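A.B. asks: give me coordinates for this.
(2 chains)
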2 protein chains.
Amino acid sequence: MIIEKPVRIIALGKYLPEKVDSSTIEEKFCIPNGWSEQNSGVLSRHQVTFESSSYMGARAVEIALRKAQMHINEIDMIISAAATFDHIIPNQASMIKSELTDCLDSSTATLDMNTTCLSFVSAFEMASRLLDGRQYRNIVIVSSEISSKGLNPDNWETLTLFGDGAVAAILQYDENSGSGFIKGGQRTYSEGVDYTMIKGGGAKFYLKDYPYDQQMHSFQMNGIKLLKMARIRIPEFVDWFFNDLQGDITDTDVIIPHQASKTGLMLFRHMFNLKEGQMKENIKMHGNCIAASIPMVLHDEIESGGVKRGDICMLIGTSAGFSVGGVLFKY
Amino acid sequence: MIIEKPVRIIALGKYLPEKVDSSTIEEKFCIPNGWSEQNSGVLSRHQVTFESSSYMGARAVEIALRKAQMHINEIDMIISAAATFDHIIPNQASMIKSELTDCLDSSTATLDMNTTCLSFVSAFEMASRLLDGRQYRNIVIVSSEISSKGLNPDNWETLTLFGDGAVAAILQYDENSGSGFIKGGQRTYSEGVDYTMIKGGGAKFYLKDYPYDQQMHSFQMNGIKLLKMARIRIPEFVDWFFNDLQGDITDTDVIIPHQASKTGLMLFRHMFNLKEGQMKENIKMHGNCIAASIPMVLHDEIESGGVKRGDICMLIGTSAGFSVGGVLFKY
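C.D. replies: Reported below is the predicted structural model:
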């Protein structure tokens, strides 16, 4: 498949807060033992104790910089690609930058991109199109998510599903590396706009007039409607995506879907008749970490050799809105 | 100056909620008569009554589409470029899309970009770099902001300064128009990260643990420190921006700075020794509408003939973080 832009992931960094076993959550909230593994497919996830989102994001960025042997002043832009954030103002990328040890040594630009669970995927496409080897030579994308604070203890499905964590990836313009961005894209289907929501906390139900309420300020999803929609829209998206490319999704070496849910992943696997080991997942040990899920799988697979240089990789998923999106690249 | 990408603004749309005179605010909050005009430079602004941010944004998009004689299914992406939003999830662009009359007829992608007050400027650069005449032919950027809900009645400086409103701009890839994107860029200086904040409402001071508090959940700015920083960083940014271009800021036909404050605009005018009429403003009648300010001035100046086809225009401003950013284009 033709490389559109010579962009290479040169390093990734990860930060995980404290590990929390499902048994601990089950005990705390009087959920039957084993319910989480059976229903959500999650054995453990990580949850913040003292960490802010920018703290986790900054640590992930620093690890990636160390691996790449780079300094923050060599990075032209920090993109925060996430659904959650520390403050309403400033934007999260500025907060993450300000948490870096060397933050005062650079004037690196800071930008937030948000397509909820697809934020990393969208940012990967945008960064790839931005990188030009002149004004933009290196961009770091960081997805740092704290989901644990927005969960409703009465909703076991979401309570046992979500996790926290941060991953950063440095993308570099490099004409000689052989790596490259092939394609990115997203489609939004508005009939599903209210299937996934945190209703409160914004201007519509402003918190002065709508004080904290478990329902209004917690994550809500209509799992059945989402799955029904995904079943139609994901194959439709994949057809559209590969329409002008040589080959289709089964020709990719590695597919990393968003770790939406156990059922979602199962659905995805059956949809495309994938080869053994072609699809990667980590939901069992990390849960759904919103936008940090996809890069976390990528990070861990690169570390363990599951993704190798030269592999054609597809990152793909659904997000609130309702959207389907993906990015295809040669690692 | 060399055009980097043949991108043309083909239409803009604006939505304003109810007009509120400064005298009304002064009366309501026992502020001395005339304080607002004298200190903030604001005579009137608009404030939402029934409107949500997505409602205003959708109306602005529909007006722009009507002017361009286009349908939403001809738009490849909706970028919401704003600091404020209706819900925590989904992202605001998906909410805006879902408010369009014809939303179900299209699968237009939806993406949020947030650099607070500079969001429209950042989105203009990103959209320009994204547009390629193939996958991306038309992108609509919409900045819809509700500032009136986050204001502290005890802080007259901000209470009288801010306004609400929405502006949408359709950018089109068109090799034959003569219009074009010249350059965009942003620099972030972390020493000013806490000069402009809405501290609460995110994961750091999660509202379950930190119920509504006027200080914590209102907009706060350290005006004196911001002006001091702007005085150094804006000229530094402008030097950097024009460094590899022919000409400098005084060679542009039109400069639209962010309508940050009366003093901020005065500072800007004196910094660059601008020609009469070169710098455009609307703070007197609209206040500071966060990211909607810059496109609102652009919209009104195009309508009134203050910006004409062929003009070299610079959008420039500062934002929370602390950042300075700009975009240069031939209208």
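
A.B. asks: okay, CA-based contacts and neighbour counts for the rest of this
C.D. replies: Fine.

A.B. asks: need the residues of the stretch 1-150 of chain A near chain B, please.
C.D. replies: Applying Cα under 8 Å from any Cα of the partner chain, we find that the stretch 1-150 of chain A lies next to chain B at A:52-53, A:83-91, A:94-95, A:97-98, A:103-104, A:106-116, A:122, A:126, A:129-130, A:146, A:149.

A.B. asks: rerun at 7 Å
C.D. replies: For the stretch 1-150 of chain A, the contact set with chain B under Cα under 7 Å from any Cα of the partner chain comprises A:52, A:85-91, A:94, A:97-98, A:103-104, A:107-116, A:129-130, A:146, A:149.

A.B. asks: out of these, which are buried?
C.D. replies: A:52, A:85-91, A:94, A:97-98, A:103-104, A:107-116, A:129-130, A:146, A:149 (16 or more other Cα atoms under 10 Å in any protein chain shown).

A.B. asks: can you tell me the closest non-neighbouring residue to the residue nearest in space to the middle of chain A?
C.D. replies: Centre of chain A computed as the mean C-alpha position; nearest residue by Cα atoms, centre = their mean is residue A:291, 2.3 Å away. Residue nearest to residue A:291 in three dimensions, not counting chain neighbours: residue A:117, with 4.2 Å by Cα to Cα, 6 or more residues apart in numbering or on different chains.

A.B. asks: now do the residue nearest to the centre of chain A against residue A:124, distance only.
C.D. replies: Going from residue A:291 to residue A:124 by Cα to Cα, to the nearest Å gives 12 Å.

A.B. asks: same thing with residue A:37?
C.D. replies: 32 Å.

A.B. asks: who has more neighbours out of these two?
C.D. replies: Using other Cα atoms under 10 Å in any protein chain shown as the criterion, residue A:37 and residue A:124 rank with residue A:124 on top: 28 against 17.

A.B. asks: and the more buried one, which of the three is it?
C.D. replies: Using DSSP: H, G, I helix; E, B strand; the rest coil, the structure places residue A:124 in helix.

A.B. asks: what's stretch A:284-295 in contact with?
C.D. replies: The list of residues contacting stretch A:284-295 from outside it, by Cα atoms under 7 Å, 6 or more residues apart in numbering or on different chains, reads A:41-46, A:81-83, A:116-120, A:143-145, A:147, A:161-167, A:256-261, A:315.

A.B. asks: so where do the helices sit in the stretch 51-200 of chain A?
C.D. replies: Taking DSSP state H, counting those that start in this stretch, the helices of the stretch 51-200 of chain A run over residues A:53-68, A:92-99, A:119-130, A:156-159.

A.B. asks: just say which of the ones you listed is most tucked in.
C.D. replies: Among the helices of the stretch 51-200 of chain A, ranked by average contacts under mean count of other Cα atoms under 10 Å in any protein chain shown, first place goes to helix A:92-99 (a mean of 28).

A.B. asks: what's the angle between it and helix A:53-68?
C.D. replies: For helix A:92-99 against helix A:53-68, the angle by axes from the mean of the first three to the mean of the last three Cα atoms, to 10 degrees is 70 degrees.

A.B. asks: before we move on, the earlier item: test my guess that the residue nearest to residue A:291 contacts residue A:319.
C.D. replies: Yes - using Cα atoms under 7 Å, residue A:117 makes contact with residue A:319 at a distance of 5.0 Å.

A.B. asks: of these two, who's got more company?
C.D. replies: Between residue A:117 and residue A:319, residue A:117 has the larger neighbour count (other Cα under 10 Å), namely 31 against 25.

A.B. asks: residues in contact with the more buried one?
C.D. replies: Shown in contact with residue A:117 (Cα under 7 Å, 6+ apart): A:83, A:290-291, A:318-319.

A.B. asks: now for these: which two are most distant?
C.D. replies: A:83 and A:318 (13.4 Å; Cα to Cα).

A.B. asks: beta partners for the residue nearest to residue A:291?
C.D. replies: For residue A:117, the beta-bridge partners are residue A:115 (DSSP bridges).

A.B. asks: what helix or strand is the most far-flung residue of chain A relative to its centre on?
C.D. replies: Here chain A reaches farthest from its C-alpha mean at residue A:209, the gap being 32.2 Å by Cα atoms, centre = their mean. Using DSSP states H and E, residue A:209 sits in no helix or strand.

A.B. asks: same question for residue A:255.
C.D. replies: strand A:254-257.

A.B. asks: which residues are in contact with that strand?
C.D. replies: Outside strand A:254-257, the residues within contact range by Cα under 7 Å, 6+ apart are A:278-281, A:294, A:311-317.

A.B. asks: go with 8 Å
C.D. replies: Outside strand A:254-257, the residues that touch it by Cα atoms under 8 Å, 6 or more residues apart in numbering or on different chains are A:265, A:268, A:278-281, A:294, A:297-298, A:307, A:311-317.

A.B. asks: of the contacts of residue A:117, which is the nearest to chain B?
C.D. replies: Proximity of the contacts of residue A:117 to chain B was ranked by Cα to the nearest Cα; the top entry is residue A:83 with 7.3 Å.

A.B. asks: show the contacting residues for that closest one.
C.D. replies: A:114-117, A:119, A:145, A:290-291, B:88-89, B:91 are the contacts of residue A:83 under Cα under 8 Å, 6+ apart.

A.B. asks: which stretches in the stretch 201-331 of chain A count as strands?
C.D. replies: For the stretch 201-331 of chain A, the strands defined by DSSP state E, counting those that start in this stretch cover A:220-221, A:254-257, A:312-319, A:323-330.

A.B. asks: repeat for the stretch 1-150 of chain A
C.D. replies: Using DSSP E, counting those that start in this stretch, strands in the stretch 1-150 of chain A cover A:7-15, A:18-21, A:44-47, A:77-81, A:87-89, A:109-114, A:138-145.

A.B. asks: mind listing what the fourth one pairs with, with the direction of each?
C.D. replies: In the sheet containing strand A:77-81, the strands it pairs with under DSSP bridges are strand A:109-114 (parallel), strand A:138-145 (parallel).

A.B. asks: and the angle for the longest one with helix A:119-130?
C.D. replies: It stands for strand A:138-145. Between strand A:138-145 and helix A:119-130, the angle comes out at 170 degrees (the same axes, to 10 degrees).

A.B. asks: could you dump strand A:138-145 to PDB, C-alpha only?
C.D. replies: Provided in PDB are the C-alpha atoms of strand A:138-145 (Å, rounded to 0.1, in the frame of the first residue of the first chain):
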ATOM      1  CA  ASN A 138       8.500  15.900  15.500                       C
ATOM      2  CA  ILE A 139       5.100  15.800  17.200                       C
ATOM      3  CA  VAL A 140       4.200  14.000  20.400                       C
ATOM      4  CA  ILE A 141       0.700  12.700  20.800                       C
ATOM      5  CA  VAL A 142      -0.300  11.900  24.400                       C
ATOM      6  CA  SER A 143      -3.500  10.200  25.500                       C
ATOM      7  CA  SER A 144      -3.900  10.400  29.300                       C
ATOM      8  CA  GLU A 145      -7.300   9.300  30.600                       C
END
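
A.B. asks: list the buried residues of that strand.
C.D. replies: The neighbour-count check on strand A:138-145 (16+ other Cα under 10 Å) flags A:138-145 as buried.

A.B. asks: list the buried residues for the top helix by length along chain A?
C.D. replies: Counting residues, the longest helix found in chain A (DSSP state H) is helix A:223-242. Of the residues in helix A:223-242, those buried by neighbour count under the rule 16+ other Cα under 10 Å are A:223, A:226, A:229-230, A:233-234, A:237-238, A:241.

A.B. asks: for stretch A:231-251, measure first residue to last.
C.D. replies: Taking Cα to Cα, stretch A:231-251 runs 21 Å from one end to the other.

A.B. asks: quick one: is that stretch near chain B?
C.D. replies: No - Stretch A:231-251 lies out of reach of chain B by Cα under 8 Å from any Cα, never closer than 9.9 Å.
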